[in-house]
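> Got a predicted structure here, sequence first:
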Amino acid sequence: TGESVGLYAEFDDTLEKAVAGQKPMDWGKYRFGKAVNEVNTDALLRYSDDMLNEAVEGLSCMDEENMREPEDAKISDYDSVTGSYSIIKEDEGTELQEDKVKEAVATAIMSLAESVDLEEQGCYLAPSVTSEDEALKTACETMNKYVGAKITYKFGDKAETLNGNEIHNWLTVNGTSVSVSESKAAEYVKNLASTCNTAYKPKTLKTSYGKTVTITTGNYGWKIDQEKETDGLMNAILSGQAKETAALVSLIKNGEQTSREPEYSQKAASHSGNDYGNTYVEINLTAQHLYFYANGKLLVESDFVSGNAAKGWSTPAGAYSITYKQRNATLKGQGYATPVSYWMPFNGGIGFHDATWRGSFGGQIFWNSGSHGCINLPYSAAQTIYQNIEKDYLVICFYRNGEYKY
């Protein structure tokens, strides 16, 4: 009310001047019209600033307990049911700005208005970000693109699926800028490798002698190139599966799921059962006898001579891959240069080759007259193996006490 702010009128001489300025003889001019004198009421109205402040502060809407701070629109937490994010609408709140309220009320008083709309006058503190904010909408769309990726790694009859339930933990939002953590992607790939790699892990072999041996050394097997696979995985997530990257094996065009083969630094023959499949060379270093199986069929069975045990050149046990094969190579070492027709290395400088200078193979020749570590073979055996073996085939070497050729 006017009383609550000490409202009163302070008249000046405006009215007196208007009366004094009348010209009675000009009454005829106004017989059919009006004479209007305007008075500026702002110059006449007065109120108490202190009383206005006290009155405004005493309004129930100005009580802090009745105010609710505005909340900006924001992106929701990840919803594992829908596999997505959404925008939570802003809360306008009911927090008034005291200075603006006083200004609006004072203006209403001076114009003798009976009411004032505080919202219309912009007195409420507004959220700084609304649900219509383009940057916020773009950020939400980007996050949904990333968590919408569904990538399935297949390892034979086993599968590992990566989707938004894991990827959402990799997202970082700074304001409306969204990024995917490469370190968390790398950690995922590292765990994938520890589970799926078979290189440097023990292997079992049911030998041609009927017994099963376990080989704990050697590098043969699957090995994921973690750095390359992390890059490939990041590209797949950031693309939102919109396009096929070089490492993608297949993309189901009308669905969400992408099958992906990891980037490998080395490969094996199979993901099921033993990773070497049914093509390998079995080398019994104790019996000095080998078997070469291709697709489960025995192609070569032969005696051989391995590394000289007396000189400490024994051929090491382990599971290895054929590195390459070469015709008409010259093997060189300290004090020798030996030409061979068929050269097939599998463990550094150790490999298969023909040894035409030998008159016999097998038995205990290797004890004192063995090679520098290579597997010396009869010419025909070396030739047949060379013609059928390829890079990355498994060579599995083992010792068995007391086990010799039947």
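Structure received.

> any idea how far the residue nearest to H372 when sequence neighbours are not counted lies from F366?
Taking CB to CB, 6 or more residues apart in numbering, and ignoring the residues beside it in sequence, H372 has W313 as its nearest neighbour in space, at 5.4 Å. In short, each C-beta sits where N, CA and C put it, glycine included. Using CB to CB, to the nearest Å, one gets 9 Å for the distance from W313 to F366.

> out of these two, which sits in the busier spot?
F366 (25 against 16; other CB atoms under 10 Å).

> Check whether the more buried one really touches A310, as I assumed.
No: F366 is beyond contact range of A310, at 9.0 Å (criterion: CB atoms under 8 Å).

> Can you report how many residues lie near the residue nearest to L299 when sequence neighbours are not counted?
Spatially, and ignoring its direct neighbours in sequence, L299 is nearest to F292 (5.1 Å; CB to CB, 6+ apart). Neighbours of F292 under the rule other CB under 10 Å: 23.

> Check the one 3 residues further on too.
N295 sits with 9 neighbouring residues when counted by other CB under 10 Å.

> Return the residues in contact with it.
Taking CB atoms under 8 Å, 6 or more residues apart in numbering, we find N295 in contact with N278, T279.

> start to end distance for stretch 356-368?
End-to-end distance for stretch 356-368, by CA to CA, to the nearest Å: 18 Å.

> how distant is that stretch from the center of its chain?
Offset of stretch 356-368 from its chain centre (CA atoms, centre = their mean, to the nearest Å): 57 Å.

> Show me where the protein dips below the pLDDT cut-off.
39-43, 241-258, 401-406 (pLDDT under 70).

> The strand of greatest length in it pairs with which strands, and in what direction?
Using DSSP state E to define each element, the chain has its longest strand at strand 336-347. Partner strands and pairing direction for strand 336-347 (DSSP bridges) are strand 326-333 (antiparallel), strand 350-354 (antiparallel).

> Run through who's touching that strand.
Applying CB under 8 Å, 6+ apart, the set of residues contacting strand 336-347 is 218, 316, 318, 320-332, 351-356, 372, 379, 382-383, 385-386, 389, 395.

> how does it look with 6 Å?
For strand 336-347, the surrounding residues in contact (CB atoms under 6 Å, 6 or more residues apart in numbering) are 320, 322-323, 325-326, 329-331, 351-354, 382-383, 386, 395.

> how about that strand: buried residues?
For strand 336-347, burial by neighbour count (16 or more other CB atoms under 10 Å) applies to V340, Y342, W343, M344, P345, F346, N347.

> Can you get me a residue count around the residue nearest to G373 when sequence neighbours are not counted?
In space, and not counting its chain neighbours, G373 is closest to G307: 4.0 Å by CB to CB, 6+ apart. Neighbour count of G307, defined by other CB under 10 Å: 20.

> on that earlier part again, my guess is the residue nearest to L299 contacts L298. True?
No: counting by CB atoms under 6 Å, F292 stays clear of L298, with 7.4 Å between them.

> those helices in the stretch 1-150 of the chain, which residues are they?
Applying DSSP state H, counting those that start in this stretch to the stretch 1-150 of the chain gives helices spanning 14-20, 49-57, 98-110, 134-147.

> try the stretch 201-350 of the chain
Secondary structure of the stretch 201-350 of the chain (DSSP H, counting those that start in this stretch): helices at 226-238.

> what's the closest of the contacts of strand 336-347 to L238?
Of all those, L238 sits closest to T323, with 36.6 Å by CB to CB.

> how far away is that closest one from P316?
Separation of T323 from P316 (CB to CB): 15 Å.

> could you list every residue that touches the residue most central in space within the chain?
Among the residues of the chain, the one closest to the centroid is A185, at 4.1 Å (CA atoms, centre = their mean). For A185, the contact set (CB under 6 Å, 6+ apart) comprises T230, L233, M234.

> Next: G362.
Applying CB under 6 Å, 6+ apart to G362 gives the contacts Q288, D303.

> Please report how far it lies from N376.
Noted for G362: a distance of 10 Å to N376, by CB to CB.

> likewise A319?
21 Å.

> more crowded one of these two?
A319 (30 against 25).

> Show me what the more buried one is bridged to.
On the basis of DSSP bridges, A319 is bridged to I396.

> Out of the helices of the stretch 1-150 of the chain, which one sits most buried?
Using mean count of other CB atoms under 10 Å, the stretch among these with the largest mean neighbour count is helix 134-147, at a mean of 18.

> Output the contacting helices and strands for it.
helix 164-167, strand 177-180 (3 or more CB pairs under 6 Å, 6 or more residues apart in numbering; DSSP states H and E).

> just those: most buried one?
helix 164-167 (a mean of 18).

> Just checking: what are the partner strands of the helix or strand following it?
Counting by DSSP states H and E, the element after helix 164-167 in chain order, helix or strand, is strand 171-174. Its sheet considered, strand 171-174 pairs with strand 177-180 (antiparallel) by DSSP bridges.

> which element follows the partner strand toward the C-terminus?
Remark: after strand 177-180, the chain's next helix or strand is helix 182-196, criterion DSSP H and E.

> between that following helix and helix 226-238, what angle do the directions make?
120 degrees (axes from the mean of the first three to the mean of the last three CA atoms, to 10 degrees).

> Any figure for the gap between M344 and Y320?
Computed with CB to CB, the distance linking M344 and Y320 is 11 Å.

> Using neighbour counts, give me the buried entries of the contacts of A185.
Using 16+ other CB under 10 Å as the threshold, T230, L233, M234 are the buried ones among these.

> In CSV: these, plus distance to T152.
CSV is the format used below for these (distance: CB to CB, whole Å):
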residue, distance to T152
T230, 17
L233, 12
M234, 17
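
> Go through the residues you listed and say which is closest to Y30.
Once CB to CB is applied, the member of these that ends up nearest Y30 is M234, at 88.5 Å.

> Contacts only, for that closest one.
E182, A185.

> ok, 10 Å please
M234 sits next to W170, V180, S181, E182, A185, A186, V189, T245 when contact means CB atoms under 10 Å, 6 or more residues apart in numbering.

> Find the residues that touch each one of M344 and Y320.
V281, G351, Y393, V395.

> so what's in contact with W313 and F366 at the same time?
Going by CB under 10 Å, 6+ apart, residues that sit against W313 and also against F366 are S306, G307.
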